[in-house]
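> Structure of the sequence below:
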Amino acid sequence: MAVSWATRKLLDRYAGDPAAVTWRWESTVVDVVLRYGSRSDAEALLPVFLDDPEARARLVPVFARHGDIGMAERLLEASVEAGRLRDGVPTGVLRAVGHLGCESAERLLWEHVEGSYPESVDACLGLLHLSCRGLRTEIAKTLERYAGSHLFPEFLPVLATKTGDPSWLERLVEWGEGAASTDCNGGLILGIALHGDTARTEFTRLLWNPRWEAFGGGTGSDYWAYAGARVLGLGMAELYAELVARLRSGADADTKRHCVETFTALLGHWADRGWLGLRMAAEPDESSEALCHLLFAWSSPHEDDSLIGLAGRVLDRDDRLVDTLHHLETTLWNAAGHELELRACAAKAVEDETATRPGAPRRR
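Model prediction:
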């Protein structure tokens, strides 16, 4: 398969005009490669990354998404020395090799679990994709050592299911509702979701519980709540029905505002549809157009019973969440238009290919 246009733009600018590779430009183009790229793109970008890993850290997710076990092994060979990452190598490599299923990296990742925040997060999320059969006892002992603590390696709880002990579901819930700081409960939120269907009730409850602050953008709790919903297969329709029920309940005004804030944060991530890097999280199947109709359409011209109308009944007129919801409505309609453009382009490409086949009728 040929290298994509977006990857060629990256390669050309890296080689010819590196000063023009700004953070925003590079992030935007890499996102396009993540969404629409292929193995060929990962192969073409790997040598550029290995030439200067520290400066090209934003390329690592491309290798995780479009690479394979062979690429994981090449990353390891170039990035590891004496059982640790080399200086200057981004910690995202730990997550990438785990995501690619490189079981030989299991011990390496474990050695980074209690390291600095970035390496700990990436090591835990990498291990999440490995069997961890050789680490079961060590994971259990480490969880026991930190359980109930105020501060801890934030994403260690995502490994609770690797212990084979189902009682960790209840213990993670108690941990999050007890001593755990809301500044580092993202791993608890995702760790609960990873317990699967048995965790759906507890996970749904924590979304709407102000104690968990699942709306927290500064702490990342909103992102991992979104990830957890994806892992559990919770769609927007189900979450919206939950929100509506809570807004129509007898809960106090502060609790209702919390529910709107949490739902708004989740919707923001749904609108963005960024790559999560979690193999166990299915891609959302709702189109942007479907979300617009679900959340922002009025059932009659006489009353605004959309998300914005319902939220307006429990929020102050000048509440910033109202503006955020209007912005998200515009974002989703723009995304719906983009989705239509992509389908139109794909249909035209098929039409053009058919027209150029031998024996095809000529266009007039």
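> what sits up against stretch 279-293?
99, 128-129, 194, 227, 230-231, 233, 235-237, 267, 270-271, 273, 294, 329, 332-333, 335-336, 338-340 (C-beta atoms under 8 Å, 6 or more residues apart in numbering). Heads up, the C-betas are built off the backbone N, CA and C, glycines and all.
> What is the longest helix seen in the chain packed up against?
If you go by DSSP state H, the chain has its longest helix at helix 320-355. Applying 3 or more C-beta pairs under 8 Å, 6 or more residues apart in numbering; DSSP states H and E, one finds that helix 320-355 contacts helix 253-272, helix 288-296, helix 307-312.
> Output the contacting helices and strands for the longest one.
In terms of contacts (3+ C-beta pairs under 8 Å, 6+ apart), helix 253-272 is packed against helix 200-208, helix 221-231, helix 236-247, helix 288-296, helix 320-355.
> rerun at 7 Å
Where contact means 3 or more C-beta pairs under 7 Å, 6 or more residues apart in numbering; DSSP states H and E, helix 253-272 is packed against helix 200-208, helix 221-231, helix 236-247, helix 320-355.
> which of the residues in that helix are buried?
By neighbour count with 16 or more other C-beta atoms under 10 Å, helix 253-272 contains the buried residues 255-271.
> same question, the shortest one
Of the residues in helix 307-312, those with enough neighbours to count as buried (16+ other C-beta under 10 Å) are 307-308, 310-312.
> re the thing from before, can you lay out the helices and strands packed on helix 320-355 as JSON lines showing mean pLDDT?
Output for the helices and strands packed on helix 320-355, formatted as JSON lines (pLDDT from 0 to 100):
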{"stretch": "helix 253-272", "mean pLDDT": "96"}
{"stretch": "helix 288-296", "mean pLDDT": "95"}
{"stretch": "helix 307-312", "mean pLDDT": "94"}
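> Could you dump the ones you listed into CSV with distance to residue 152 added?
CSV is the format used below for the helices and strands packed on helix 320-355 (distance: least, C-beta to C-beta, whole Å):
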stretch, distance to residue 152
helix 253-272, 23
helix 288-296, 36
helix 307-312, 35
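> Go through these and name the closest to residue 6.
Relative to residue 6, the nearest member of the helices and strands packed on helix 320-355 by C-beta to C-beta is helix 253-272, separated by 18.1 Å.
> how far does the closest one sit from the chain's center?
Computed by C-alpha atoms, centre = their mean, to the nearest Å, the chain-centroid distance of helix 253-272 equals 17 Å.
> Output that helix as CSV, nothing but the C-alphas.
Listed next in CSV are the C-alpha coordinates belonging to helix 253-272 (Å, rounded to 0.1, in the frame of the first residue of the first chain):
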residue,chain,number,x,y,z
ALA,A,253,-29.5,21.6,41.9
ASP,A,254,-25.8,21.0,42.5
THR,A,255,-26.1,17.3,41.7
LYS,A,256,-28.0,18.0,38.5
ARG,A,257,-25.4,20.5,37.4
HIS,A,258,-22.7,17.9,38.0
CYS,A,259,-24.6,15.5,35.8
VAL,A,260,-24.8,18.0,32.9
GLU,A,261,-21.1,18.8,33.3
THR,A,262,-20.1,15.2,33.2
PHE,A,263,-22.3,14.4,30.2
THR,A,264,-21.0,17.6,28.4
ALA,A,265,-17.4,16.4,29.0
LEU,A,266,-18.2,12.9,27.6
LEU,A,267,-19.9,14.4,24.6
GLY,A,268,-16.8,16.6,23.9
HIS,A,269,-14.7,13.4,23.6
TRP,A,270,-17.4,11.7,21.5
ALA,A,271,-17.3,14.7,19.1
ASP,A,272,-13.5,14.6,18.9
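> So what touches that helix?
207-208, 210, 214-215, 217, 222-223, 225-226, 229, 236, 239, 243, 246-247, 284, 291, 311, 314-315, 321, 324-325, 328, 331-332, 335 (C-beta atoms under 7 Å, 6 or more residues apart in numbering).
> Return the angle between stretch directions for that helix and helix 236-247.
Going by axes from the mean of the first three to the mean of the last three C-alpha atoms, to 10 degrees, helix 253-272 is angled at 170 degrees with respect to helix 236-247.
> Next, the angle helix 320-355 makes with helix 253-272.
Our comparison of helix 253-272 with helix 320-355, counting by the same axes, to 10 degrees, yields an angle of 20 degrees.
> Just read off the phi/psi values of residue 116.
phi -60, psi 160 (degrees, to the nearest 10).
> Could you check how many residues crowd around it?
Residue 116 has 9 neighbouring residues, counting by other C-beta atoms under 10 Å.
> Same question for residue 340.
13.
> mind listing what it touches?
No contacts exist for residue 340 under C-beta under 7 Å, 6+ apart.
> what does residue 162 give?
132, 135-136, 139.
> What's the ChimeraX syntax to select whichever of those are buried?
To isolate the buried ones among these in ChimeraX, judged by 16+ other C-beta under 10 Å, type:
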select :132,135,139
